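# Need the 3D shape of this:
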Amino acid sequence: MRPALRVLFFVEGFTDIRFVVGLSEICDVSLAVPARPYAESGLRERIAEAGLRLAVHEIGGGRLAFQAASLRWLLGAARGFDVILAQEVLRGALSANLAGRLRGVPVVTFTALPSLEYFRCRRERGRIGPLQAAAGSLAIRFLMRANGLMAARCVALGEYLRGVAARYCPRCEVGLYYGVDTDLFRPVDASERAALRAKLALPANRFVVLLSSRISHEKDPETVLRAAAIARSRGLDAVVLNLGGGHRVFLDLARGMTLPGVDEWVIARPAVHPMHGLADYYRAADALAQASLAEGLGLAPLEALACGVPVAATAVGGMALTLAGRGRLSPRRDAPAMAEQLLWIAAHPDEARAQALAGREYVVREWSRAKAFGDLRRVLEEVAGRGPAPVGGVERTAASRAKDPAVPGAAS
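Numbering: from 1, shown residues only. Down below sits the predicted model:
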């Protein structure tokens, strides 16, 4: 039996438990993470809950201290791995690429967002001044170019981001991140949806619009709220539900916009575990709305489509590409246009659901979880100089070791 590929997943900030679990199923994965985000994001608890017995190396310090400490740690640990998988293409990836070059270990970068476009949204929102915007843009361009030239492979989430990555990396291809678990994210009928609404304490007979994205500078929750208010003024009894770590920020934002009767139709709740409960909220909704100033892809709309739930979204970045013909698209920051899409979904429920179900077929074909991690495994094996895995072979991954009480977990 061929030994499992030893992969270090080097995390610069926050990451998703779904990606970590998937990695543990295709390789012998260890994590190197910044200590504070690892604890604050809840990832530490979620890894424990998932029963993953893998090595997690927590590195302390703020930006500069973390940069120095992570490079020192990588230089000492790199030779213990066949491949380093670096999150994104900025500071953390630079440390990974430098250590990889010096220690002869190939590095794969995986980007799930357009770093420069997201940074520009800070300037658009007035959160940074012109000098900081210029300096930051220059630094991001340098890091993307340096990492793109050093990496053995650049993997980018979807075709749109692959096009962005191709500008700075000569060896790039499409990745699917954690994909969509289409067995978990599946449609339900009207009676099941009614039961879910009762279970989740959601209004039974109102038009529920789910906003399932975090509240950050590149998102545009204001447009969703204004669109819902316009739709309500035209007779649609809509409520907007936000799930996320920033749900209180979302509620404060809604109240600060002086929209009429906000407390009657805006609901904000904490984030739900993405592998246990999130799909029920999708299935209980009438529509998912996602407005963004910039977007690499938007996996939430794909998860909604997998549940047969219509999507209203901004035609920007990767969403414009992947949702064309599958969702109801509107121009950037155009609340009246998004309101029209919500009203259309409410007025044409059968047509809207048929469009969403056709979108599910696309997700099953192109964005399944199995395809996501199968494609990633191929990339990791290629850069490590391995051929295809033996047919029927079973590698001893972190997921399989988690079931073996004889194998101790490792954490430092």
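
# What lies in contact with the longest helix along the chain?
Longest helix in the chain, counting residues (DSSP state H): helix 130-150. Here helix 130-150 makes contact (C-beta atoms under 8 Å, 6 or more residues apart in numbering) with 86, 89-91, 93-94, 97-98, 100-101, 107, 109, 115-116, 119-120, 122-123, 128, 154, 165, 168-170, 172. Just so you know, the C-beta spots here come from the backbone N, C-alpha and C atoms, and that holds for glycine as well.

# Tell me the helices and strands packed up against the helix or strand following it.
Next helix or strand after helix 130-150 toward the C-terminus (DSSP states H and E): strand 153-157. On a contact count with 3 or more C-beta pairs under 8 Å, 6 or more residues apart in numbering; DSSP states H and E, strand 153-157 meets strand 107-111, helix 158-165, strand 172-175, helix 369-383.

# now do 10 Å
Helices and strands touching strand 153-157, by 3 or more C-beta pairs under 10 Å, 6 or more residues apart in numbering; DSSP states H and E, are strand 83-87, strand 107-111, helix 130-150, helix 158-165, strand 172-175, helix 369-383.

# Which of the ones you listed sits closest to R234?
helix 158-165 (33.0 Å; C-beta to C-beta).

# Against A112, how distant is the residue nearest to the spatial centre of the chain?
Note on the chain: the residue nearest the mean C-alpha position is L299, at 6.2 Å, using C-alpha atoms, centre = their mean. From L299 across to A112, the span is 9 Å (C-beta to C-beta, to the nearest Å).

# before we move on, what about M319?
In terms of C-beta to C-beta, M319 sits 14 Å off from A112.

# any residues touching the helix or strand hosting A279, and which ones?
In this structure, A279 sits in helix 278-284 according to DSSP H and E. Residues from elsewhere that reach helix 278-284 (C-beta atoms under 10 Å, 6 or more residues apart in numbering): 181, 183-189, 192-200, 202, 208, 210, 212, 241, 243, 269, 271-272, 288, 300, 303-309.

# Filter those down to just the buried residues.
Buried members of the contacts of helix 278-284, scored by 16 or more other C-beta atoms under 10 Å, are 181, 184-185, 187-188, 193, 196-197, 200, 202, 208, 210, 212, 241, 243, 269, 271-272, 288, 300, 303-309.

# quick one: which of those residues sit in helices?
Reading helices off the buried ones among the contacts of helix 278-284 with DSSP H, I get 193, 196-197, 300, 303-306.

# how close does the closest residue to L200 other than its chain neighbours get to P274?
Residue nearest to L200 in three dimensions, not counting chain neighbours: A284, with 5.6 Å by C-beta to C-beta, 6 or more residues apart in numbering. According to C-beta to C-beta, A284 stands 16 Å off from P274.

# A229 too?
29 Å.

# And those two? Which one has more around it.
Just comparing A229 and P274: by other C-beta atoms under 10 Å the higher neighbour count belongs to A229, 22 against 19.

# For burial, what's the neighbour tally of the closest residue in space to that one that isn't next to it in sequence?
Distance criterion C-beta to C-beta, 6+ apart; nearest residue to A229, sequence neighbours excluded, is L259 at 4.7 Å. Here the number of neighbours of L259 (other C-beta under 10 Å) works out to 17.

# so R101 sits right up against V107, yeah?
Yes. Using C-beta atoms under 10 Å, R101 is in contact with V107, at 8.0 Å.

# Pull up the overlap in contacts between these two.
78, 150-151.

# Tell me the most packed of those residues, by neighbour count.
Neighbour max across the shared contacts of R101 and V107 (other C-beta under 10 Å) = A151, 29 neighbours.

# if I read this right, it contacts A96, doesn't it?
Yes. A151 is in contact with A96 according to C-beta under 10 Å; the separation is 8.7 Å.

# Which residues are in contact with each of the two?
84, 86, 107-109.

# Switch those residues over to CSV; also include neighbour count and distance to S41.
Shown next, in CSV, are the shared contacts of A151 and A96 (neighbours: other C-beta atoms under 10 Å; distance: C-beta to C-beta, whole Å):
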residue, neighbour count, distance to S41
I84, 28, 21
A86, 30, 18
V107, 26, 24
V108, 25, 23
T109, 29, 21
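
# For those residues, give me TSV that also has distance to L138 and pLDDT.
Output for the shared contacts of A151 and A96, formatted as TSV (distance: C-beta to C-beta, whole Å; pLDDT from 0 to 100):
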residue	distance to L138	pLDDT
I84	26	98
A86	21	97
V107	23	98
V108	26	98
T109	20	97
